[in-house]
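**Q** Predicted model follows, preceded by the sequence.
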Amino acid sequence: MEQIPQIPKEKFRLIHDENNKDQEKIGTPSLTYMQDVRRRLFKDKVAVVCLALISIIVVISILAPIIAPHNPNAQQVTMSNLPPKLGNLNIPGMNGYQNMGGHMVDAYKQADAPKGTFYILGTDYLGRDLLSRIIYGTRLSLVVAVLATLVDLLIGVPYGIVSGWKGGKTDTFMQRIVEIVSSIPNLIVVILMMIILKPGLTSIVIAIAITGWVTMARLVRAQTFQLKEQEYILAARTLGEPSMKIATKHLIPNLSSTIIIQTMFTIPNAIFFEAFLSFIGIGIPAPNASLGTLLSDGQKAFRFLPYQMWAPAIILSVIMIATNLLGDGLRDAFDPQSSEN
């Protein structure tokens, strides 16, 4: 018989050797789902910049009574249509000079403005400070967006869960209601609200409440149809868990990504809807300021005083673009496969 060759002892290495321990360490720490979402979101530089912009705008709007330099509704006709001026700095376009008959003249000196008086974004045709009105107008537009979001959460989410969970005839009946509501134009609803109520924030919010929750309800319903066939949901039903507990404990946490993403797209839609209504004169009534009323007032004198329209238009554009890009970033963070398709 041939002898089996012996392997030298030094060829073996102990399992508990320190080098092996280093190799067996996990390269990256384990993360929860929400921690992974946050990591992916903060890797998206565009979404982070948009989040910062929105945060700054929200903070300024909340602190409007402190930050606004003047009363937004205070009228000083002698100071009407003054151009932007930033202190005593001689910055072109921000030095208080205005083109009159081909010559640049100091508009503040012509209006006999007291020494040290300046308006960073100028004044409107009634002498009201545009910066203060933009801050308060942005605040009102954000209030409309928050109320529209609450309507989505309080009506759209429960409606979609019930429709998707029950299924059958209940789902068919509820979806027919959704189709009827979605077929009614928002503008018609607002006009009907104006006939019943006075033009203002209340009529806009009610119009959004009547028709704005439909998209959220449809998305939540579709997701609920998928989730209720999952094994953990079937196990909970088998164990006799009540439907309300299953909805709050299992469905809503797994629907959070859909709800958050749709909320981010609801906000710009609500802000634009309010601005459109105020622009055409059936939104927020005077003298209250909103981005829509500021655009409406600015476009009347845009040919001669373009700064009155530029500032609110830029703010509205920044809010719309930032919220949409942040919504895209959140969608990619919650569902990374969507960005790969």
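**A** Arrived safely.
**Q** Skip the chain neighbours and tell me the closest residue to Gly167.
**A** Closest residue to Gly167 apart from its sequence neighbours, by C-beta to C-beta, 6 or more residues apart in numbering: Phe225 at 7.6 Å. Placement of C-beta: from N, CA and C, glycine included.
**Q** and the one you found, what element?
**A** Applying DSSP states H and E as the criterion places Phe225 in helix 214-227.
**Q** where does this structure have low pLDDT?
**A** Along the chain, the model assigns pLDDT under 70 to residues 1-31, 33, 101-102, 335-341.
**Q** Just the strands from it, written as ranges.
**A** Remark: strands assigned in the chain by DSSP state E are 97-100, 103-106.
**Q** Does anything pack onto the first one? Which helices or strands?
**A** Strand 97-100 sits against strand 103-106, with contacts defined as 3 or more C-beta pairs under 8 Å, 6 or more residues apart in numbering; DSSP states H and E.
**Q** so what secondary structure elements neighbour the strand it packs on?
**A** strand 97-100.
**Q** what comes into contact with stretch 167-182?
**A** By C-beta atoms under 8 Å, 6 or more residues apart in numbering, the residues outside stretch 167-182 that reach it are Tyr159, Val162, Ser163, Gly164, Ile210, Thr211, Val214, Ala217, Arg218, Arg221, Phe225.
**Q** Tell me how far that stretch lies from the chain's centre.
**A** Relative to its parent chain, stretch 167-182 has a centroid offset of 28 Å by C-alpha atoms, centre = their mean, to the nearest Å.
**Q** For the helix holding Phe225, which residues meet the burial criterion?
**A** Val214, Thr215, Met216, Ala217, Arg218, Leu219, Val220, Arg221, Gln223, Thr224, Leu227 (16 or more other C-beta atoms under 10 Å).
**Q** residues in contact with the first one?
**A** If a contact means C-beta under 8 Å, 6+ apart, then Val214 has Gly156, Val178, Val181, Ser182 as its contacts.
**Q** what about 7 Å?
**A** Val214 is in contact with Val178, Val181, Ser182, counting by C-beta atoms under 7 Å, 6 or more residues apart in numbering.
**Q** That one - nearest residue in space that isn't next to it in sequence?
**A** Leaving out its chain neighbours, Val214 is closest to Ser182 (C-beta to C-beta, 6+ apart), at 4.6 Å.
**Q** Same question for Met94.
**A** Nearest non-adjacent residue to Met94, counting by C-beta to C-beta, 6+ apart: Leu86, 4.4 Å away.
**Q** May I have the phi/psi pair for that neighbour?
**A** Per-residue torsions, Leu86: phi -110, psi 90 (degrees, to the nearest 10).
**Q** about what we covered before: need the contacts of stretch 167-182 in a markdown table (columns: distance to Phe118).
**A** Listed next are these as a markdown table, based on distance: C-beta to C-beta, whole Å:
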| residue | distance to Phe118 |
| --- | --- |
| Tyr159 | 52 |
| Val162 | 57 |
| Ser163 | 57 |
| Gly164 | 58 |
| Ile210 | 45 |
| Thr211 | 45 |
| Val214 | 48 |
| Ala217 | 50 |
| Arg218 | 51 |
| Arg221 | 55 |
| Phe225 | 60 |
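**Q** and the closest residue to Thr215 other than its chain neighbours, what does it touch?
**A** The shortest distance from Thr215 to any non-neighbouring residue, by C-beta to C-beta, 6+ apart, is to Gln262 (6.7 Å). Gln262 sits next to Thr215, Met216, Leu219 when contact means C-beta under 7 Å, 6+ apart.
**Q** ok, now with 8 Å
**A** Taking C-beta under 8 Å, 6+ apart, we find Gln262 in contact with Asp152, Thr215, Met216, Leu219.
**Q** Among those, which one lies nearest to Asn90?
**A** Asp152 (49.1 Å; C-beta to C-beta).
**Q** Counting neighbours, what do you get for that closest one?
**A** 25 (other C-beta atoms under 10 Å).
**Q** I'd guessed it sits against Met264; true?
**A** No: contact criterion C-beta atoms under 8 Å: Asp152 and Met264 do not qualify, at 10.9 Å.
**Q** And the strands of the chain: which comes nearest Leu131?
**A** Proximity to Leu131 (C-beta to C-beta) singles out strand 97-100 among those, at 17.6 Å.
**Q** which parts of that closest one are buried?
**A** Tyr97, Gln98.
**Q** Identify all contacting residues around that strand.
**A** Outside strand 97-100, the residues that touch it by C-beta under 8 Å, 6+ apart are Pro83, Met104, Val105, Asp106, Ala107.
**Q** make it 6 Å
**A** Pro83, Met104, Asp106, Ala107 (C-beta atoms under 6 Å, 6 or more residues apart in numbering).
**Q** if we can go back for a sec, quickly check the buried residues of helix 214-227 for the two that are furthest apart.
**A** Val214 and Leu227 (20.4 Å).
**Q** State the distance from Ile195 to Ile267.
**A** 28 Å (C-beta to C-beta, to the nearest Å).
**Q** which one of these two has more residues nearby?
**A** Ranked by neighbour count (other C-beta under 10 Å), Ile195 and Ile267 place Ile267 first, with 25 against 7.
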